[in-house]
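> how would this look folded up:
(chains A and B)
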Amino acid sequence: MYLSHLEAIHFRNLSGAIDFSPGLNVIHGANAQGKTNWLEAVYLLGTTKSFKTAHPREAIQHQAEEAILRGTVISGHLSRDIQLLLTRTSKQTFVNGKREVITRYLGILDAIAFTADEMEVVRGGPDNRRRFVDRGLVSTLPSYLGTLAEYNRVLKQKNSLLRSASDADDPTRFFPMLEPWNDQLVALGSEIHVARVGYVEKLKAALQPQLFQNESITVRYKSSLEGKGDLGDYPKLMRERLEHHLKNEIAIGYALVGPHRDDVEILCDGYDISRFGSSGQQRSALLILDLAQMVIYHQILEDYPVFIVDDIDAELDRNRIEILLDTLEGSSQVFISTSKRAIAQHYRERAQTIEIANGKVAAKVITN
Amino acid sequence: MLDYAEPVTKLIDEFKRLPGVGHKSAQRLAFYLLKATPEEADRLIEAIREVKEKITFCSICNNLTDVDPCRYCDNPTRDHTMICVVEEPYNLVAIEKTREYHGLYHVLHGALSPIRGIGPDELKIRSLIERLRPQDDAPEVEEVILATNPNTEGEATANYLSRLLKPLGVRVTRIGMGLPVGSDLEYADEVTMHKALTNRHVM
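Now for the predicted structure:
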């Protein structure tokens, strides 16, 4: 799949439209001209999420009521017009001019973004890594989103009950009330555990461990129940741990047992990269994982998501940029932004370079 | 200053208390009534009064009724050995429409939801257990069908009840879940399809 055309209306400082190349697109220009905003627009149009903000409504221009992103996505011989309408209170999705539910909209233009915030996957808390895996699963296993949403809902109910129990004089009367929520946590938690373990195994098999450096990168799903018993029979083990921690959970007032406490270990020559890796190693590791995610996506869906790298020269050195672009060439549509004219010049041979000034296209060079 | 004369504002405020009614709808309803004839307004007032005066909850099953016990509980031709447990009276109506279930009902008036402060004591559970005790003049209950909604709260309620009722020696069953009949597979969402595949059976 690739985005052949994108138009932005009342979205941040952007105006006009851009026609993109199915291969490499280099967006360059001085600072604060709107390079990142165009990349954000690509990502937002595809995923309905922004990599810059949790509240995309902030991207609507002040004097306007709504912002519109409109794009044409080509997959094989199929061309589809998709549109995202942002208002101050809602997001609406359209396909070929007709309103479409979000579950059927997502997947038309899938995107992976390598941004400064995304680095949290390798150096931040476990929640970032769980989200990384969950995102990969959702795009390749649609029913997983429902399972995950249900698990979180049950967890919220259980936590609410645990808070009441920890404040109560006689917590034992809450035991029977907790059981039905634990039943569901075990059923849904086991599904999540199996899906995530399977996905991380696939990641491990798909990643190129030494793509950017001599040190070798690998991943491993680290269940919070590891070392507590037989993970092969997860439902039984989770039930045992729930019983074991019943009183602790009531004392502390929130749920202690389940896949919401799991982590994904990212190892660099056997060491935990979030603690011992240099920032260069961390960047390499994240790129390797992103690329592995694309391989899995392709194995299952026989297509590639688009790949976005914001501010590429700030994040990656020349050598890594070269390797990354070589790896992506011929498979995925790529969008990169840079403030350095020299970098843009360097890729003129193999890319479409687009200069952005004041939110719109100032100059465009098409070579491929 | 109020936007409208006080009686109008008061009416709008009352409508806004109703579930599913926001400010705009409340305003529309109020203005509809302002334009209506006195007879039309009286009809509505009378309908509300009548429902409040005549409709009560059945002392056995908690369903809405104008006679106590209700017409289901009092009907000797229904199968008194079966009780179907539902969350709300309108769930009962949905089952009754099939004309295939001939047992009795029990309405819980909700489902377990700690977030909304609803625990077992807020539901009509105690009276359900009462009904399972052997009584001299009535046949013993042999089966309880749990027909709470297929969402996390309904599922938790069913689980809770099943643990509570099984030790009493009664057969506890849960209604089946899966694809809607009469439509195409393509209309099923991923979660329903996933559950239907997981719960497949040998033919």
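> A:Q352 against A:I27, yeah?
No. Using Cβ atoms under 8 Å as the test, A:Q352 is too far from A:I27 to be in contact (9.5 Å). Backbone N, C-alpha and C define where each C-beta goes, glycine included.
> of the two, who's got more company?
The neighbour count for A:Q352 versus A:I27, taken as other Cβ atoms under 10 Å in any protein chain shown, is higher for A:I27 (27 against 21).
> and the more buried one, helix, strand or coil?
Under DSSP: H, G, I helix; E, B strand; the rest coil, A:I27 falls in the strand class.
> what's across from it in the sheet?
A:S337, A:I354 (DSSP bridges).
> distance of it relative to chain B?
From A:I27 across to chain B, the span is 35 Å (Cβ to the nearest Cβ, to the nearest Å).
> so what's that residue up against?
With contacts defined as Cβ atoms under 8 Å, 6 or more residues apart in numbering or on different chains, A:I27 is in contact with A:K35, A:W38, A:L39, A:F335, A:I336, A:S337, A:T338, A:T353, A:I354, A:I356.
> buried sites along stretch A:143-153?
For stretch A:143-153, the neighbour count (16 or more other Cβ atoms under 10 Å in any protein chain shown) marks A:S143, A:Y144, A:L145, A:G146, A:T147, A:L148, A:E150, A:Y151, A:R153 as buried.
> show me how far it is from its chain's centre.
17 Å (Cα atoms, centre = their mean, to the nearest Å).
> for that stretch, the averaged confidence score.
In this model, stretch A:143-153 has an average pLDDT of 92.
> is it in proximity to chain B?
Yes. Judged by Cβ under 8 Å from any Cβ of the partner chain, stretch A:143-153 comes into contact with chain B through A:S143, A:L145, A:G146, A:T147, A:E150, A:R153.
> could you list which of these belong to helices?
Among these, DSSP state H puts A:S143, A:L145, A:G146, A:T147, A:E150, A:R153 in helices.
> can you put those in a markdown table and add distance to B:S59?
Conversion of these to a markdown table gives the following (distance: Cβ to Cβ, whole Å):
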| residue | distance to B:S59 |
| --- | --- |
| A:S143 | 44 |
| A:L145 | 45 |
| A:G146 | 40 |
| A:T147 | 42 |
| A:E150 | 37 |
| A:R153 | 35 |
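> A:E66: which of those residues is nearest?
Comparing these against A:E66 with Cβ to Cβ places A:L145 closest, at 26.7 Å.
> report the contact partners of that closest one.
A:V138, B:E190.
> the stretch 251-368 of chain A: helices as residue ranges?
Taking DSSP state H, counting those that start in this stretch as the criterion, the stretch 251-368 of chain A contains helices spanning A:273-276, A:279-301, A:312-315, A:318-328, A:341-346.
> ranking these by burial, who's on top?
helix A:279-301 (a mean of 20; mean count of other Cβ atoms under 10 Å in any protein chain shown).
> which stretches of chain B have low pLDDT?
B:1, B:183 (pLDDT under 70).
> grab the longest strand from it for me.
strand B:79-86 (DSSP state E).
> determine the set of other helices and strands touching that strand.
Contact here means 3 or more Cβ pairs under 8 Å, 6 or more residues apart in numbering or on different chains; DSSP states H and E; on that basis strand B:79-86 packs against helix B:89-96, strand B:103-107, helix B:126-132, strand B:143-146.
> possible to save those as JSON lines with mean neighbour count and distance to B:I45?
JSON lines is the format used below for those (neighbours: other Cβ atoms under 10 Å in any protein chain shown; distance: least, Cβ to Cβ, whole Å):
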{"stretch": "helix B:89-96", "mean neighbour count": "15", "distance to B:I45": "23"}
{"stretch": "strand B:103-107", "mean neighbour count": "23", "distance to B:I45": "28"}
{"stretch": "helix B:126-132", "mean neighbour count": "14", "distance to B:I45": "33"}
{"stretch": "strand B:143-146", "mean neighbour count": "20", "distance to B:I45": "40"}
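> pipe those into CSV and attach distance to chain A per row.
Formatted as CSV, the helices and strands packed on strand B:79-86 follow (distance: least, Cβ to the nearest Cβ, whole Å):
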stretch, distance to chain A
helix B:89-96, 19
strand B:103-107, 18
helix B:126-132, 13
strand B:143-146, 11
